[in-house]
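Return a 3D structure for these sequence lines:
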Amino acid sequence: MGRKVDEIYLCKEDNKLVESLKKIDENSHGILFVIDEKEHLIGTVTDGDIRRWLLKTGDLSAEVRCFMNEKPLALQKNAADTSESFMKKNDITAVPIIDSHNRIKDIHFLIRNEAEKSLIKNLENVTVCIMAGGKGTRLKPYTNILPKPLIPIGDIPIAERIIENFEKFGAKKFYMTVNYKKKMIQSYFADSDREKCIEYLEESEPLGTAGSLSMLPDGGKEPIFVSNCDILIKANYNDIYDFHLKMENDMTVVTALKNIVVPYGVILSSENGLIEAVDEKPQLSYLVNTGFYVLSPKAVSMVPKNREYHMTDLMTDLIAEGRKVAMYPVSEDSFLDMGEFEEMARMEQKLNK
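Residues are numbered from 1 along each chain as shown. Just a heads-up that it's a prediction; the model follows:
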């Protein structure tokens, strides 16, 4: 349960949000311990703290001091053997072990048994629609042979991985919109245990990334999940759905942090071409649309019938009507996309890891 303190679990209060989120992705424990210049423990930062900050401000340039918890829980070295009961009592999964000078000497992590690790299955009555009708032109020549939903990531097709992720949270009812090579998709799932849980929305012609939602027979009752067929989101789907309900959104767009490094020295100049500074390989950070949504019945009802229509169109139309369109941010590492060859390789690497 204990382990040596690694820099991957530590940060300073002047670290940027993007840097801290990267570390949280790397350590896979969802938390950082904030230390000052003398290595004294002064706070904690979780992925939830960062999400709340982004929802409140949208500020990607903020420093850790803006959103850290300034009252961290910790145990003295002489009480380290009580760490498991301490974590369970306080409903936390990590606790730093500190010395008399408030310096971290170890970190203990709660090892949950299988029953404790099981996820609450809140989505048993929630419909999931997987948009699988596209041709996957960016993945040719693979998609000349296989439809994009059946391209394997490891040894499991991407569409099946998407379904598995939802099933972890209790989802049982799936719609899949199909067009290109639809018989292959239907044949694959007809031979699996999921045949009865999937119904198909068959497009006679391409209807875009949202058009086929107009074919949903029960789209007007409760909010639904909608996912592109070439992405995986590593997050708590219960939390995403609860956020959508609590905020009374008409559309919740799951967004992910995307960092882009300019591979050159960027020249900063003034009048007459005078160079003031050189910013060497600057990093730009954005929140991008992942292709993963929760839609209200009202949003679904706004999708026009029998014509091409995209999620961006729906987003624009909802905003124009004064409807609530909000984001739910996740980290860069929580968003896996196989839309292009380079990203597909990254997806396989992350899943294997």
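
The residue sitting furthest away from the middle of the chain and residue 73, how far apart?
No residue in the chain sits farther from the centre than residue 272, which is 45.8 Å out by C-alpha atoms, centre = their mean. From residue 272 across to residue 73, the span is 57 Å (C-beta to C-beta, to the nearest Å). Bear in mind the C-beta positions are built from the backbone N, C-alpha and C, glycine included.

what residues are up against the nearest residue to residue 39 once chain neighbours are set aside?
Of all residues not flanking residue 39 in the chain, residue 103 sits nearest, at 5.1 Å (C-beta to C-beta, 6 or more residues apart in numbering). Applying C-beta atoms under 8 Å, 6 or more residues apart in numbering, we find residue 103 in contact with 35, 39-41.

So which of these is the closest to residue 205?
Set against residue 205, the nearest of those by C-beta to C-beta is residue 35 (59.0 Å).

How many residues are close by that closest one?
20 (other C-beta atoms under 10 Å).

Then residue 273?
7.

got the contact list for it?
With C-beta under 8 Å, 6+ apart, residue 273 has no contacts at all.

Could you rerun that using 10 Å?
Listed by C-beta atoms under 10 Å, 6 or more residues apart in numbering, the contact set of residue 273 reads residue 267.

can you check residue 76 too?
By C-beta under 10 Å, 6+ apart, the residues touching residue 76 are 82, 97-100, 102, 105.

run the last query once more with 7 Å
Contact analysis of residue 76 by C-beta atoms under 7 Å, 6 or more residues apart in numbering lists residue 98.

gap between it and residue 148?
Following C-beta to C-beta, the distance that separates residue 76 from residue 148 is 55 Å.

cool, and residue 200?
16 Å.

Specify which residue of these two has the higher count of neighbours.
Set residue 200 next to residue 148 and count neighbours by other C-beta under 10 Å: residue 148 wins out with 26 against 18.

Looks like that one contacts residue 185 (just checking).
No. Using C-beta atoms under 7 Å, residue 148 makes no contact with residue 185, being 9.5 Å away.

For the stretch 201-350 of the chain, give me the ranges with low pLDDT.
218-220, 339-350 (pLDDT under 70).

what about the strands in it?
224-228, 231-233, 251-261, 265-269, 275-280, 283-295, 325-330, 335-337 (DSSP state E, counting those that start in this stretch).

Quick check: buried residues in the longest one?
Neighbour-count burial for strand 283-295, with 16 or more other C-beta atoms under 10 Å as criterion, is recorded at 287, 289-295.

what ranges do the helices span in the protein?
Assigned by DSSP state H, the helices in the chain fall at 17-27, 47-57, 83-90, 114-117, 142-145, 158-167, 182-190, 237-247, 297-301, 311-320, 341-352.

Tabulate these (CSV), appending mean neighbour count.
Compiled in CSV, the helices of the chain are given as follows (neighbours: other C-beta atoms under 10 Å):
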stretch, mean neighbour count
helix 17-27, 19
helix 47-57, 17
helix 83-90, 14
helix 114-117, 7
helix 142-145, 14
helix 158-167, 19
helix 182-190, 16
helix 237-247, 17
helix 297-301, 19
helix 311-320, 17
helix 341-352, 14
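
so which of the strands of the stretch 201-350 of the chain is the most packed in?
strand 224-228 (a mean of 24; mean count of other C-beta atoms under 10 Å).

Mind giving me the packing neighbours of that strand?
Packing partners of strand 224-228 (3 or more C-beta pairs under 7 Å, 6 or more residues apart in numbering; DSSP states H and E): strand 127-132, strand 283-295.

between those, which gets nearest to residue 217?
Nearest of these to residue 217, taken as C-beta to C-beta: strand 127-132 at 10.0 Å.

then the closest one to CSV, C-alphas only?
Presented in CSV, the C-alpha positions along strand 127-132 are these (Å, rounded to 0.1, in the frame of the first residue of the first chain):
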residue,chain,number,x,y,z
THR,A,127,-30.5,4.8,-23.9
VAL,A,128,-27.2,5.0,-25.8
CYS,A,129,-26.9,5.8,-29.5
ILE,A,130,-23.7,5.0,-31.3
MET,A,131,-23.3,6.9,-34.6
ALA,A,132,-21.7,4.3,-36.9
